[in-house]
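Visitor: Have a look; sequence and predicted model below, questions after that.
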Amino acid sequence: MITVLGLHYGHHGSACIVRDGKLIGALSSERLSRHKFSHGVTDEVLDYLFDSFGVSDIDYIALSDWNDQFCFHPMKVRHEGKIINCLWNEIYDNTCLELEVDFRGKIVPGYYIGHQFAHAAAAYYTSPFDEAFCFTLDACGARHKNNSLISYGKGKEFTSLYCPGLMIGVGYGFLTEYLGLGSQLFKAGSTMALAGYGKVIPRVQDNLDSYVNDCFYPDLEKDYHQWYLALWKDLSGSDKYFSSEDSDSEKAKDIAATIQFIFEKAVLKCVNEIDSKDVKNICLGGGSMLNCVTNSLILNQTKFKNVHLFPGCGDDGGAVGSALYVSHHILKEERFNYTDAEICFLGPDKPSVEPDYAYIAKQIVDGKIVAWCNGRAEYGPRALGNRSLLADPRDFKNKERINFEIKNREWFRPLAPVVLEECVSDWFDFSGKSPFMLFTAPIKDPDQIPAVNHIDGSARIQTVSEATNPYYYRLIKEFYSITGVPILVNTSLNGNGEPMVETDEHALEYFNRGLVDMLVLNGKIYEKENQL
């Protein structure tokens, strides 16, 4: 048995376990620290992971964004006998640095690969494809090669091809801040949401090629910082940044729509320029590819017919990508054919009992907001049915209540629908499946499900099958039998600025704040009258 420990030490700190070529568990540091996007890894994270998955010995360590300032546990990293304190933003392309790691009293062989390469490896090795190209893009980074990458996988082999120099993820992040929405790490999704309310500035449409070409910086000596500063001045008409009070103004809406439009067109240009020959499979990764509107355009408007994303496609996926690259490309372990559940539910298993679906569904019909915490936690930022807030999509007031009273977030943020997989094409202009909530689709009759209808008549859909998540599926089916609607509102189980709930204790603490009407915890029902 070969066990590889993957560790990521940048923001979105994380750790994972790959055993005999299979990803068996992963944890983001924020889930235990309760501070969103926590840097690095702690002993608490390692102990939680090791205890949960029965790990007693480590054979190899795969590092991502190594920086000893964010190593909150005893560990030393050496290369050719010399202690290495930081490798962030130093390794690119196909370079794989061999290391010696002093880990918990044992010298363990280690490997380090580049940031974008780790994103791409996480996407490729969790995909169902035996051959695929990969496109990855991030929203921040100090150097060009740390922000985008084209790579290619076939079987166990995986290789970096070239860096396209696409910097639109960086521009999107900084314009998010300049719009007054908040940090680029936290709030890029708000820009995507706000964009639906605005109109693309006409001069950008008239000169689209120029704006798109300006997003590419293959020349490593060129200062791309001046580009996004000039873009802001061009779109806003001023050097002045918006305050939070102005962040949802009509002008802000139009700027958001415009930067989203440029983002989409630049990404499509980059993907369409891949010399893919007859390969129709593409894997997407990096935090910028949480932009589900753009993912849908790649699915529908490029030569690639099959698109895969690892649900933890942000920087927390670095630990996973590094570990899977070591396992498959270096150690030649056989790849594993994952089910959807096996790459999105990576927290420790929890014993559960069958809940009273009829009772819970009736409470949702009657207007209750339900906190649903069941089994293994999701990996990545999207609630996929094990750490979710659930509500009736037919009542628009549920959107207002969740956004204003429960989550205390912007009024323009949409809520997502979860739909029975077999019913998706009846309700949305979408065929197939979207198990990780990373694609959008037009709603066929928005008036029937107003709580999940975005301003443009679209929704960020999640499909669910009984095989992937039986308890979640059966609850939605029970709601369907009562209402004729095979859909629930699904948003993440957390408060404003908090990471998603991880443990049972977190779920109970959340419920006892009194913000939701009911908690279903591993099948057991708690209601307001029996709060602890």
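Guide: Great, that's in hand.

Visitor: contacting residues for the closest residue to Gln116 other than its chain neighbours?
Guide: Among residues not flanking Gln116 along the chain, Leu149 sits closest, at 3.7 Å (CB to CB, 6 or more residues apart in numbering). All C-beta spots, glycine's among them, are computed from the backbone N, C-alpha and C. Shown in contact with Leu149 (CB atoms under 8 Å, 6 or more residues apart in numbering): 114, 116-117, 119-120, 134-136, 160-164.

Visitor: Could you save the residues you listed as TSV and add columns showing secondary structure and distance to Arg19?
Guide: TSV is the format used below for the contacts of Leu149 (DSSP: H, G, I helix; E, B strand; the rest coil; distance: CB to CB, whole Å):
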residue	secondary structure	distance to Arg19
Gly114	coil	25
Gln116	helix	26
Phe117	helix	22
His119	helix	22
Ala120	helix	22
Cys134	strand	24
Phe135	strand	29
Thr136	strand	26
Ser160	strand	26
Leu161	strand	30
Tyr162	strand	33
Cys163	coil	32
Pro164	coil	35
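
Visitor: just these now: which is nearest Leu299?
Guide: For those, the minimum distance to Leu299 (CB to CB) is 12.6 Å, reached by Phe135.

Visitor: What residues does that closest one make contact with?
Guide: If a contact means CB under 8 Å, 6+ apart, then Phe135 has 148-150, 267, 270-271, 274, 282-285, 289 as its contacts.

Visitor: Who does the residue nearest to Gln116 form a beta bridge with?
Guide: Leu149 has these beta-bridge partners by DSSP bridges: Thr136.

Visitor: Could you report the separation of it from Lys362?
Guide: Applying CB to CB, to the nearest Å, the value for Leu149 to Lys362 is 50 Å.

Visitor: right, and the helix or strand after the helix or strand containing Ala361?
Guide: For Ala361, the host element (DSSP states H and E) is helix 357-365. Sequence-wise, the next helix or strand downstream of helix 357-365 (DSSP H and E) is strand 370-373.

Visitor: contact partners of that next one?
Guide: Contact with strand 370-373 is made by 360, 363-364, 385-391, 472, 475, 493, 501, 504, 507, 510-511, 516-522, as judged by CB under 8 Å, 6+ apart.

Visitor: Taking the residues you listed, please make a ChimeraX selection of just the buried ones.
Guide: Buried residues within the contacts of strand 370-373, by 16 or more other CB atoms under 10 Å, are selected in ChimeraX with:
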select :360,363,364,385,386,387,388,389,390,391,472,475,493,501,507,510,511,516,517,518,519,520,521,522
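
Visitor: Out of the contacts of strand 370-373, name the ones that lie in strands.
Guide: The strands, defined by DSSP state E, take in 387-391, 518-521 from those.

Visitor: of all those, which two lie farthest apart?
Guide: Counting by CB to CB, the most remote pair of the ones in strands among the contacts of strand 370-373 is Ala391 and Leu521, 17.6 Å apart.

Visitor: Kindly check the end-to-end length of stretch 426-441 for me.
Guide: Using CA to CA, to the nearest Å, the span of stretch 426-441 from its first residue to its last is 12 Å.

Visitor: how far is that stretch from where the chain is centred?
Guide: Distance, stretch centre to chain centre, for stretch 426-441: 16 Å (CA atoms, centre = their mean, to the nearest Å).

Visitor: where do the strands sit along the stretch 401-532 of the chain?
Guide: Secondary structure of the stretch 401-532 of the chain (DSSP state E, counting those that start in this stretch): strands at 416-420, 439-442, 458-464, 487-492, 518-521, 524-527.

Visitor: Note down every partner strand of the fifth one and its orientation.
Guide: It stands for strand 518-521. Here strand 518-521 has these sheet partners by DSSP bridges: strand 370-373 (parallel), strand 524-527 (antiparallel).
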